[in-house]
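In: return atomic coordinates for the entry below.
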Amino acid sequence: MYRNGVALHLEPRVLRLLIYLIENRDRLVPREELADNVWGDTVISDSALSQAVARLRKALGDSTASPRYIETAHSQGYRFAAEVQASGSQIHSIAVLPIRNLTGDSGQDYMAYGLQDGLTTELSRISDLRVTSFQSTLRYSGSDRALPEIALELGVDALVEGSLMKIGEQIEVNLQLIDGRTDEHIWAQHFEREIPYSFDLLTNAVNAIASKIGLHGVHESIGPVDPNAIQAYWLGLNDMNRLSPTGLASAINYLRTATEIEPRFDLAWGNLAVTHFLQALFGFTPPRESMEKAQLAAQHAVRVGNRSSFGLSVLGWTYLCNQDFPGACKTTREALRINPSDPYAIHGDADCLLYEGHMEESVERVRELALIAPFSFIHQVPLSYHLFLARRYDEALAFTLSIQERFPNFPLHKNLSLIYWQQGLYDKALQEERRKYELYGDTELLTLFDESEAATAPRELMRAIAEALVERSATSYVDAIEIGEAFAKAGAVDEAIYWLTRAVEQKSFTVVHLPFRPDFDGLRGDPRFTGLLQKLGYQAARVTD
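Out: Model prediction:
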C-alpha cells in the first residue's frame, strides 16, 4: 500500500480493517461487525480494536480531530469517509505469486521457484509495466490471504498465479491473471513444453499476458537448453536468494555448473555475476576479488546474449568500483532499456544521479526501488542509505527502523550507528556498534567496550577500535574503509585519510560514496582528501555542493 508514493507497510489485521471499511464505505460499520469480520474467531477487546484503528489512522496521516478518512461514532463504530475512485481497467503494475508445485514431489519445488523467477524476469522486460521483484513475493507461498489484500499490500494492479505439473520430461503450467483491484479473472491459459524449452514456455506466457493487457511482449525465443543446465540454474537461484554466505557459495557452484554445461546460457552468466556482486556487497569475501569475478561473469552474459539485464547492471557496478563513472552510467541505463524493473539497475541509476549532482532525484530513484521490492531487504536498504547521504537523518532513521522491524533477521546496526552519530546521539551510536560486534562474535573488540564503558569518551573508544582493526589487518582481511571510518569518528584526520587512500587502492565496495558521506565532513578541508576525491574522478566543486 502506498501514500504519496511512499510505501506503507501495514500489519495484516490493520490492512484487512482498511479493506473492510472501504468495501462498506456507504454506511457506519458497528464495532462488533468489524471484530467478527476482521478478526474472525479471535476474541478481541474494545481497546484492541481501538488501537488497530489508531494504527490505521497514523498510517493514513489521519486525525480524530478533523478526520479525512475514518469517522468515529462514539461507542458505535466507524465509517470510511474519503471518496474512493476506481483506478480504471488498464494494468500498469503486476506481481507474480509463487507457483504451486502440484507434482506431489517436494524435490521439484526448485522448478516452481525457477518458473516464478523466470516469469518475473520476462515480465520485467515489458516497457510501461512495473513488476514487483521476485524476492518480495516469496512471502506469499502457501498463503490463503485474499488476492485483493495481497495486491493492495504490494501496490499492484494485477497478480499472476499458477501451478506446475511434470509428466516425464514435460512440464505443464497453468497460469491465470487476476485483477487485484476487483478480484476479477482476466485471463487463463495452459502451457506445456518439454523441459529443454522451459524458457520458450515462459516467453509464450509473457507474450500472452502482454497481449491481454494491451502491451508489447518480448518476442524472441531462447531455444532449447540442456535440462541439466536448467536444473543447476534453478537450484542456483534458490540458493542465491537465501542471502547467506553458504547460500551464495552454493549458488555460485550451481550457476557455474549451468554455464559449463551451456556456455551460451546468458541468464546463468548474469545471475552468476549477481551472486559474486552480492558476496562483495555483504562483505562475505574480499570485495576486490568478488567484483573481479562478477565483472568476468557479467562480460560473459553480455557477450553471449541480450536477455540478461543483470549482466549489464552488474557490469555497471564493476565500472563504478573501477571509477569509470561515464561507463558505469551508460551500461546501467542500457540495462534499464532491456529491463525497466531490474532492481540492481535502478539502484545503479540512483547512484549515477548522485554522481551527476542530483541528490534529490537520486533519493526519489531509490524510493522507486523500494516500491518495486517492498519485501526485499537488499532493495529496501538503499533508500535508508541515500537518505543518510542526503543528510535527512530523521527520515533515514525512521525508514531504517521500519526495515529492521520488517526484517528482524537482517540487522542494520551499522546503518543505525552512522545515523545516530551524525545526530550527535553518541551513546546510541556506540550501542549499535556494540550490537554489530556482538552479532559478529568479535570478543576482542567487545572487550574494548567493556574496558571503556564507564569513562571513555566516544572518540577515544573509536580510536581504540580503529587501532585494533589496524593490528588485525596485518594478519587477516579487514576492509580499509572500515578502519578509515573509525579513525574519522575519532577525529584522527591523518590516519583516516591514510586508510581511505588504502580503501581506494583496494577498490573497497563503498568507496564510491566518499564524496557524499557526511561522516567524512571533518576531512573536507584537507587538501589530501580533496586530492583523493579527484583521484576517484570527482570534481571538488561537485563534492561541496
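
In: outline the domain layout of the protein.
Out: Structurally, the chain divides into domains by automatic domain parsing as follows: 2-80, 93-224, 229-339, 411-543.

In: can you redo the ones you listed as CSV with mean neighbour count?
Out: Using the backbone N, CA and C atoms, a C-beta is placed for each residue, glycine as well. Compiled in CSV, those are given as follows (neighbours: other Cβ atoms under 10 Å):
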stretch, mean neighbour count
domain 2-80, 15
domain 93-224, 18
domain 229-339, 22
domain 411-543, 17
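
In: rebuild those domains as a markdown table, extending it with mean pLDDT and distance to Ile346.
Out: Output for the domains of the chain, formatted as a markdown table (pLDDT from 0 to 100; distance: least, Cβ to Cβ, whole Å):
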| stretch | mean pLDDT | distance to Ile346 |
| --- | --- | --- |
| domain 2-80 | 79 | 15 |
| domain 93-224 | 89 | 10 |
| domain 229-339 | 90 | 7 |
| domain 411-543 | 87 | 17 |
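
In: format the ones you listed as a markdown table; extra columns: distance to Leu369.
Out: A markdown table is the format used below for these (distance: least, Cβ to Cβ, whole Å):
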| stretch | distance to Leu369 |
| --- | --- |
| domain 2-80 | 11 |
| domain 93-224 | 9 |
| domain 229-339 | 12 |
| domain 411-543 | 16 |
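
In: surely Ala335 meets Leu312?
Out: Yes - taking contacts as Cβ atoms under 8 Å, Ala335 lies within contact range of Leu312: 3.6 Å.

In: so what sits against both of the two?
Out: Residues within reach of Ala335 and of Leu312 at once, by Cβ atoms under 8 Å, 6 or more residues apart in numbering, are Ala345.

In: ok so, going back, for Arg367, find the nearest of the domains of the chain.
Out: Among the domains of the chain, domain 2-80 comes nearest to Arg367, with 6.7 Å by Cβ to Cβ.

In: for Val160, helix, strand, or coil?
Out: For Val160, the secondary structure call by DSSP: H, G, I helix; E, B strand; the rest coil comes out as strand.

In: enumerate every residue touching Ala335.
Out: By Cβ under 8 Å, 6+ apart, the contact set of Ala335 is 309-313, 316, 342, 344-345, 348.

In: mind redoing it with 10 Å?
Out: Contact partners of Ala335, counting by Cβ atoms under 10 Å, 6 or more residues apart in numbering, are 270, 302, 308-316, 342, 344-346, 348-349.

In: same question, Glu260
Out: 229, 232, 268.

In: what do you get if the cut-off is 8 Å, keeping everything else the same?
Out: Contacts of Glu260 by Cβ under 8 Å, 6+ apart: none found.

In: how close does Tyr426 get to Phe284?
Out: Going from Tyr426 to Phe284 by Cβ to Cβ, to the nearest Å gives 30 Å.

In: can you tell me how far the residue nearest to Gln423 when sequence neighbours are not counted is from Phe509?
Out: Ranked by Cβ to Cβ, 6 or more residues apart in numbering and with sequence neighbours excluded, the top spatial neighbour of Gln423 is Tyr393, at 5.3 Å. Distance of Tyr393 to Phe509, computed by Cβ to Cβ: 23 Å.

In: ok, Ser341 next?
Out: From Ser341 across to Phe509, the span is 24 Å (Cβ to Cβ).

In: and what of Arg333?
Out: Separation of Arg333 from Phe509 (Cβ to Cβ): 21 Å.

In: mind listing what Glu356 touches?
Out: Glu356 makes contacts with Cys329, as judged by Cβ under 8 Å, 6+ apart.

In: any idea of the pLDDT on it?
Out: Note for Glu356: predicted pLDDT of 85.

In: next, give phi and psi for the residue nearest the centre of the chain.
Out: Centroid-nearest residue in the chain: His379, 1.5 Å away (criterion: Cα atoms, centre = their mean). Main-chain torsions, His379, degrees, to the nearest 10: phi -100, psi 0.

In: ok, it touching Ala345?
Out: No - between His379 and Ala345 there is no contact under Cβ under 8 Å: 11.5 Å.

In: the residue lying closest to Gln231 once chain neighbours are set aside: helix or strand, and which one exactly?
Out: Among residues not flanking Gln231 along the chain, Tyr110 sits closest, at 7.7 Å (Cβ to Cβ, 6+ apart). Using DSSP states H and E, Tyr110 maps to helix 109-123.

In: any idea which helix or strand comes after that helix?
Out: Assignment by DSSP H and E places the next element after helix 109-123 at strand 130-131.

In: what lines up beside that following strand in the sheet?
Out: Sheet partners assigned to strand 130-131 using DSSP bridges are listed as strand 93-96 (parallel).

In: any residues touching the helix or strand following the partner strand, and which ones?
Out: Where DSSP H and E defines the elements, the next helix or strand beyond strand 93-96 is strand 100-101. Strand 100-101 has contacts (Cβ under 8 Å, 6+ apart) with 108-109, 111-112, 161-164.

In: go again using 10 Å as the cut-off
Out: Strand 100-101 has contacts (Cβ under 10 Å, 6+ apart) with 107-113, 115-116, 141-142, 161-166, 174.

In: that older thread, tell me who's in contact with the residue nearest to Gln423.
Out: Contacts for Tyr393 (Cβ under 10 Å, 6+ apart) come out as 387, 418-425, 518.

In: any idea which element the nearest residue to Asn204 once chain neighbours are set aside lies in?
Out: Computed as Cβ to Cβ, 6+ apart, the closest residue to Asn204 that is not its neighbour in sequence is Phe191, at 6.3 Å. Applying DSSP H and E as the criterion places Phe191 in strand 184-194.

In: each with direction, which strands does that strand pair with?
Out: strand 170-179 (antiparallel).

In: relative orientation of the strand it pairs with and helix 109-123 in degrees?
Out: With axes from the mean of the first three to the mean of the last three Cα atoms, to 10 degrees applied, the angle from strand 170-179 to helix 109-123 works out at 50 degrees.

In: could you dump strand 170-179 to PDB, C-alpha only?
Out: The C-alpha coordinates for strand 170-179 follow below in PDB (Å, rounded to 0.1, in the frame of the first residue of the first chain):
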ATOM      1  CA  GLN A 170       7.500 -32.500 -20.000                       C
ATOM      2  CA  ILE A 171       6.300 -29.700 -17.800                       C
ATOM      3  CA  GLU A 172       2.700 -28.300 -17.700                       C
ATOM      4  CA  VAL A 173       2.000 -24.900 -16.300                       C
ATOM      5  CA  ASN A 174      -1.400 -23.400 -15.700                       C
ATOM      6  CA  LEU A 175      -1.400 -19.600 -15.300                       C
ATOM      7  CA  GLN A 176      -4.100 -17.000 -14.700                       C
ATOM      8  CA  LEU A 177      -4.200 -13.300 -14.500                       C
ATOM      9  CA  ILE A 178      -6.300 -11.700 -11.700                       C
ATOM     10  CA  ASP A 179      -7.300  -8.000 -11.400                       C
END
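
In: so Glu449 is in contact with Gln431, correct?
Out: Quick fix: residue 449 is Phe, not Glu. Yes - between Phe449 and Gln431 a contact is recorded at 9.4 Å, counting by Cβ atoms under 10 Å.

In: ranges for the strands of the stretch 201-350 of the chain?
Out: Assigned by DSSP state E, counting those that start in this stretch, the stretch 201-350 of the chain shows no strands.

In: quick check: Leu119 touching Gly162?
Out: Yes - Leu119 is in contact with Gly162 according to Cβ under 10 Å; the separation is 8.0 Å.

In: so what's in contact with those two at the same time?
Out: Residues touching both Leu119 and Gly162 (Cβ under 10 Å, 6+ apart) are 96-97, 99, 173, 175, 205.

In: export these to JSON lines and tack on distance to Val225?
Out: Below are those laid out as JSON lines (distance: Cβ to Cβ, whole Å):
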{"residue": "Val96", "distance to Val225": "20"}
{"residue": "Leu97", "distance to Val225": "25"}
{"residue": "Ile99", "distance to Val225": "19"}
{"residue": "Val173", "distance to Val225": "16"}
{"residue": "Leu175", "distance to Val225": "20"}
{"residue": "Ala205", "distance to Val225": "16"}
